[in-house]
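Student: No sequence on hand, only this structure:
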């Protein structure tokens with residue numbers, strides 16, 4: 001049972017950190033737009049500001065859609081990297097892709113999240129050594145965690161890498177249209193897992209798959225934790241700017 005709990009803790013931490021990143025991304029987007037609006041009184045300026053801040057991440061987001069569509073053999077059309085309001089939603093870019101069914105559509109829709117996660121993992125570990133932050137947090141060593149960020153600030157081109165990490169993390173989240181093809185895939189997956197368990201089929205292969213994935217998920221969770229702290233610091237600065245402007 002302790003081993004099972006440990007095995008479940010890592011996937012749950014990964015999912016939780018992903019949801020926290022999604023929430024932070026939305027808050028950062030709001031806190032970028034509000035000061036710009038108060039400063040310009042323009043409805044378009046906040047959208048342009050958001051686009052310019054996240055430009056590298058937006059390009060990676062749309063390129064991931066395009067690349068996955070090509071890998072899946074789908075035809076692609078217009079590739080746009082420019083903001084456009086769609087009702088209450090803001091589209092920072094788009095790629096026209098032909099329909100390829102639920103599973104292929106889910107792959108294309110989730111491509112930015114997959115690519116963004118891999119890039120966040122690579123930058124966090126190879127540039128900033130994010131594993132040290134997780135180790136310090138697990139040991140309750142908050143001074144060690146702060147030292148990780150001090151060390152990160154001294155990395156060559158550290159600010160540039162931090163900006164790239166920030167834009168990727170906040171532009172990789174799938175939009176409503178990206179998530180749409182995922183719904184039937186998730187439903188079928190849940191039904192399939194339920195049938196597997198009801199029929200009493202062997203759990204060994206599933207346990208082996210989870211055990212194989214745990215080191216990767218642990219590393220990605222460390223990368224997400226590092227990015228969450230970075231996003232949190234940026235959000236605090238944006239919040240203070242917003243308060244100063246409204247004073």
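Tutor: Now that the structure is in, tell me what you want to look at. Fair warning: this is a prediction, and the values are worked out from it, not measured in the lab.
Student: need the longest helix for this structure.
Tutor: helix 204-246 (DSSP state H).
Student: Give me the mean pLDDT for that helix.
Tutor: The average pLDDT for helix 204-246 rounds to 85.
Student: same deal with stretch 77-91?
Tutor: pLDDT averaged over stretch 77-91 gives 81.
Student: what about that stretch, start to end distance?
Tutor: 17 Å (Cα to Cα, to the nearest Å).
Student: mind listing what's buried in that stretch?
Tutor: Applying a neighbour-count criterion of 16 or more other Cβ atoms under 10 Å, one finds 83, 90-91 buried in stretch 77-91. Glycine gets a C-beta too; all of them are placed from N, C-alpha and C.
Student: Looking at these, which are in strands?
Tutor: The members of the buried residues of stretch 77-91 that map onto strands under DSSP state E are 90-91.
Student: Just put the buried residues of stretch 77-91 in CSV and tack on distance to residue 187.
Tutor: Converted to CSV, these look like this (distance: Cβ to Cβ, whole Å):
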residue, distance to residue 187
83, 33
90, 29
91, 26
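Student: Of the buried residues of stretch 77-91, just say which sits nearest to residue 177.
Tutor: Nearest to residue 177 among the buried residues of stretch 77-91: residue 91, at 8.7 Å, using Cβ to Cβ.
Student: any idea how far the closest one is from residue 84?
Tutor: Distance, residue 91 to residue 84, by Cβ to Cβ, to the nearest Å: 5 Å.
Student: ditto for residue 171
Tutor: Taken as Cβ to Cβ, the span from residue 171 to residue 84 is 15 Å.
Student: List the contacts of the closest residue to residue 25 other than its chain neighbours.
Tutor: Spatially, and ignoring its direct neighbours in sequence, residue 25 is nearest to residue 170 (4.4 Å; Cβ to Cβ, 6 or more residues apart in numbering). Under the criterion of Cβ atoms under 8 Å, 6 or more residues apart in numbering, the neighbours of residue 170 are 24-25, 28-29, 54, 57, 231.
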